[in-house]
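**Student:** Build the 3D model from these lines:
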Amino acid sequence: MSNSNRRVPMGALLPIALLAVAGCPSKTGDIDLSVAFTGGGSPADVSRVTAQVLTQDGHPLSPPVTMDLSQSAGRWQGLLESVPTGQKLLRAEAFAANGSRLYHGEALVDVAGGRTLFVFLQLQWDGASQNHAPFISSVVVSSISVDFGKFLSLSATVGDPDPEDVPRLQYSWTASAGTFVDPTNRLSVTWQAPPGPQPLVVTFTFRVTDPAGLSAVISIDIGVQTGISDATAVAVANSWPRIDRIASSSSVASIGALVELTSSASDADGDAVHFRWSSVDCPGTFLAAADRPDTEFQLGALAVGGSCSLGLEVDDTRGGTDQARVVLSAGPPGTAALPIVDSASNGGTQGFTGRPVELTLQAHDPLDPNGALTFDWETVGAVVDGVQSQGGRSTLTVHVTPCGGPASAVVHVARAGSGATVSFRFEIVTCAPSCKELKAGTPTLGDGTYQLDPDGAVTGSLAPVTVFCDMTTDGGGWTFVAYHAASTSGAQIFSVPTGTYLPSRAEGSTYSLGNLLFFQDTEMMISVDHADPAAASRGHSLVFFRYPAEHENFNLGPAPCTSIRPFDYRTALSGAYLTSQEWACTGSTWVPRDRDGRDLVKFGGPGVFLGNGVLPAGTAPGWGHSAWVYVR
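**Tutor:** Predicted structure coming up:
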């Protein structure tokens, strides 16, 4: 086992055969290259394939090493001679007769002196890595509320970054109630509300899908006899994120092949972009975290001649998404294979609990299922307690300092007596994302200040913060996120950091963490006039809300409200929740109401409004209250 930070070459190509050449040591070697083409495009249109060897950083060699491959029996191949030793970048490109590039690929190779390196390179179709999801430019609805049995008109405008996909886009409208008068596969439709008798909120969903199966979707809520005539629909413009680049390393797509995946994305509004890689229909395992811009995938058993896709989706946590895919194709039969990672587990334990973390990896050798494998672990930011390895299974036990910085472990799995090695990376969560996770991990924790890392320890993320956790009220796990002063108007305390956050919960000027988008909260507790919820309960100024994760009205703003989806509420420290679908929002106020249409609380200002839905009968409601906001 090693604790060094040595870099293991990732994405190495197979099969790679090193043939010893007799004689004195040489400073150059040869590369015998054969190429094939991934699914997509038309390999028959290829008229020229070029290859060149570059430095590891992609710069030309001096003198240059380039050549045109020759075609024989349907295969393109060639011998690049006198290549300087060491790690080099091998790049190949395929062109049509008119000079347009059809396929490309590259990989890092290690050239040994006096030897010939045999490389089989799968070239990716240029179109495969450029396909993006379509987008929805706008949706127009004739009204946000409608009477029983009445009609609404809905229409959408769409586009696609790939112009050739536009004529082949498919559309679909659905509704949670009511009836569409027109076919639902059109951009414009007419819908008839149900006949009643109960008021309801109907959710409309519009989806546009391109020929590759990538799609964009948007949902809109409409009230049917919900008594929301005094509500104002406020449109919040949101620029969707864009995948600027997605690529995979050219790799032999045989069993055990390694595929490096790289990407970048941006958001015109400056919203944080979240990444999610998926295997789509590729057998195999991600060898590194799949929620990062760059990761690595090990291909499982893909039938010869078959192809599959790996997908990337990015979102801005405000409903905006983009998708793209890359295509892999199976390599030739009989190629050498790496050890296969079957499963990996952290035992369900997170590092922030302070308890030991067990990291377990199960693998096998496809060439000898009963053969022995070797496991070499290395760690960063973690203290090793022990390693146990037997057959195809190895477990590393470590412990970390809670919120002590990033921590990870990499295990290198090798076939005994060979250089066939695959590496798997474990990310160890050292800092809890919320008080709820802290409470779940250690139920005995009491009220107090703790460090959290709501958006995770990824590149470009926010630093951990010290917050107050209410570990007592209604089972605990509440994160104190904001204080709204009695004199403040128009504060955006949910999604915008305000002032200087104080874990002491002191009064004064308004302040907030402003990162509810990261918490994945489903409950909110608003304690009016008192920082202590128990005191607020005694004063009849406490209200709880329960809602789906990422509900717009409980994550953005708070004002204006952008949804009329139902929510649950209660005004006691414990007990059952009641359901309401009553909102009375304007462009500057956030007003959830109880099921009888009475205001619970209002944000807008000055201060917070305490309504009849919370106060006992005979008590006058009014503005000018202060409030402490908790979520879990």
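**Student:** how about V341, what does it touch?
**Tutor:** 285, 287, 298, 361-363, 413, 422, 424 (C-beta atoms under 8 Å, 6 or more residues apart in numbering). In this view, the C-beta of every residue, glycine as well, is placed from N, C-alpha and C.
**Student:** helix/strand/coil for it?
**Tutor:** strand (DSSP: H, G, I helix; E, B strand; the rest coil).
**Student:** measure it to Q192 for me?
**Tutor:** V341 sits 54 Å away from Q192, going by C-beta to C-beta, to the nearest Å.
**Student:** now do P369
**Tutor:** Taking C-beta to C-beta, one finds P369 at 61 Å from Q192.
**Student:** So if I had to pick from these two, which one is more boxed in?
**Tutor:** Comparing P369 with Q192 by other C-beta atoms under 10 Å, the one with more neighbours is Q192, at 16 against 9.
**Student:** if I pick the more buried one, what's in contact with it?
**Tutor:** 149-152, 178-181.
**Student:** ok, of these, which come out buried?
**Tutor:** Buried by 16 or more other C-beta atoms under 10 Å: 152, 178, 180, out of the contacts of Q192.
**Student:** Now do the contacts for the first one.
**Tutor:** To tie it back to what came earlier, the one meant is L152. L152 makes contact with 141-143, 146, 190-193, 222, according to C-beta under 8 Å, 6+ apart.
**Student:** I'd like the average pLDDT over stretch 613-623.
**Tutor:** Stretch 613-623 carries an average pLDDT of 93.
**Student:** try stretch 208-227
**Tutor:** For stretch 208-227, the mean confidence score works out to 77.
**Student:** Off-centre distance for that stretch?
**Tutor:** 21 Å (C-alpha atoms, centre = their mean, to the nearest Å).
**Student:** repeat for stretch 307-314
**Tutor:** 13 Å.
**Student:** hmm, who's touching it?
**Tutor:** Here stretch 307-314 has contacts from 38-40, 241, 243, 246, 248, 259, 261, 263, 265, 273-283, 297, 302, 321-330, using C-beta under 8 Å, 6+ apart.
**Student:** Can I get it in PDB? Just the C-alpha atoms.
**Tutor:** Only the C-alpha atoms of stretch 307-314 are listed here, as PDB (Å, rounded to 0.1, in the frame of the first residue of the first chain):
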ATOM      1  CA  SER A 307     -22.400   0.100 -29.900                       C
ATOM      2  CA  CYS A 308     -23.700   2.000 -26.800                       C
ATOM      3  CA  SER A 309     -23.900   5.500 -25.400                       C
ATOM      4  CA  LEU A 310     -22.600   7.400 -22.400                       C
ATOM      5  CA  GLY A 311     -24.600  10.400 -21.500                       C
ATOM      6  CA  LEU A 312     -24.000  13.800 -19.700                       C
ATOM      7  CA  GLU A 313     -26.700  16.000 -18.300                       C
ATOM      8  CA  VAL A 314     -26.100  19.400 -16.700                       C
END
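**Student:** quick one: average confidence on that stretch?
**Tutor:** 89.
**Student:** From the buried ones among the contacts of Q192, which land in strands?
**Tutor:** Members of the buried ones among the contacts of Q192 lying in strands (criterion: DSSP state E): 152, 180.
**Student:** quick one: which of the buried ones among the contacts of Q192 is nearest to L513?
**Tutor:** Nearest to L513 among those, counting by C-beta to C-beta, is L152 at 39.0 Å.
**Student:** If I look at the closest one, what pLDDT would I see?
**Tutor:** So L152 comes in at 87 (pLDDT).
**Student:** Could you number the chain from 479 rather than 1 from now on?
**Tutor:** Let's use 479 as the start, then, which means that last one is L630.
**Student:** where does the stretch 829-978 of the chain have low pLDDT?
**Tutor:** By pLDDT under 70, the low-scoring segments of the stretch 829-978 of the chain are 897, 935-939.
**Student:** Helices of that one, residue ranges please.
**Tutor:** 913-919 (DSSP state H, counting those that start in this stretch).
**Student:** ok, now how distant is Y581 from A572?
**Tutor:** 4 Å.
**Student:** shared neighbours of the two, which are they?
**Tutor:** By C-beta under 8 Å, 6+ apart, the residues touching both Y581 and A572 are 515, 521, 524, 601.
**Student:** Buried residues, the helix or strand in which T1057 is found. List them.
**Tutor:** For T1057, the enclosing helix or strand under DSSP states H and E is strand 1056-1058. Using 16+ other C-beta under 10 Å as the test for burial, strand 1056-1058 gives S1058.
**Student:** do the same with stretch 934-954
**Tutor:** 934-936, 942-943, 945-949, 951-952, 954.
**Student:** out of those residues, who's nearest P981?
**Tutor:** Distances from P981 to the buried residues of stretch 934-954, taken by C-beta to C-beta, are shortest for F946, at 4.5 Å.
**Student:** circling back to that earlier point, among the contacts of V819, name the ones in strands.
**Tutor:** 763, 776, 839-841, 891, 900, 902.
**Student:** just to revisit the earlier point, just the ones in strands from the contacts of stretch 785-792, please.
**Tutor:** Checked against DSSP E, the contacts of stretch 785-792 include these in strands: 721, 724, 726, 737, 739, 741, 743, 752-756, 775, 799-807.
**Student:** These, buried ones only, as a ChimeraX selection?
**Tutor:** Selection command for ChimeraX covering only the buried members of the ones in strands among the contacts of stretch 785-792, criterion 16+ other C-beta under 10 Å:
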select :721,724,726,737,739,741,743,752,753,755,775,799,800,801,802,803,804,805,806,807
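**Student:** which residues touch the residue nearest to G1082 when sequence neighbours are not counted?
**Tutor:** Using C-beta to C-beta, 6 or more residues apart in numbering and skipping residues adjacent in sequence, the residue nearest G1082 is T1067, 3.5 Å away. Applying C-beta under 8 Å, 6+ apart to T1067 gives the contacts 1037-1038, 1080-1082.
**Student:** In the residues you listed, find the pair that's most separated.
**Tutor:** The widest separation within these (C-beta to C-beta) is 12.4 Å, between P1038 and K1080.
**Student:** Now the common contact residues for the two.
**Tutor:** Joint contacts of P1038 and K1080 (C-beta under 8 Å, 6+ apart) are 1067-1068.
**Student:** Neighbour count: these two, which is higher?
**Tutor:** K1080 (24 against 19).
**Student:** can I assume the more buried one is in contact with T1064?
**Tutor:** No. Using C-beta atoms under 8 Å, K1080 makes no contact with T1064, being 9.8 Å away.
**Student:** Domain-wise, how is the chain divided?
**Tutor:** Taking automatic domain parsing as the reference, the chain has its domains at 496-603, 613-702, 725-747+755-807, 818-906, 913-1109.
**Student:** now the shortest one: how far from the chain's centre is it?
**Tutor:** Centroid separation for domain 725-747+755-807 versus its chain: 12 Å, with C-alpha atoms, centre = their mean.
**Student:** Same question for stretch 821-839.
**Tutor:** With C-alpha atoms, centre = their mean as the basis, stretch 821-839 stands 21 Å off its chain's centre.
**Student:** Now it: buried residues?
**Tutor:** Under 16+ other C-beta under 10 Å, the buried positions of stretch 821-839 are 822, 824, 827-831, 835-839.
**Student:** Please list the residues outside it that contact it.
**Tutor:** Counting by C-beta under 8 Å, 6+ apart, 763, 819, 840, 853, 860, 863, 871-878, 880-881, 885, 887, 889, 891, 902, 904, 906-910, 915-916, 919-920 sit against stretch 821-839.
**Student:** what about 6 Å?
**Tutor:** 840, 863, 872-878, 880, 887, 889, 902, 904, 906-910, 919-920 (C-beta atoms under 6 Å, 6 or more residues apart in numbering).
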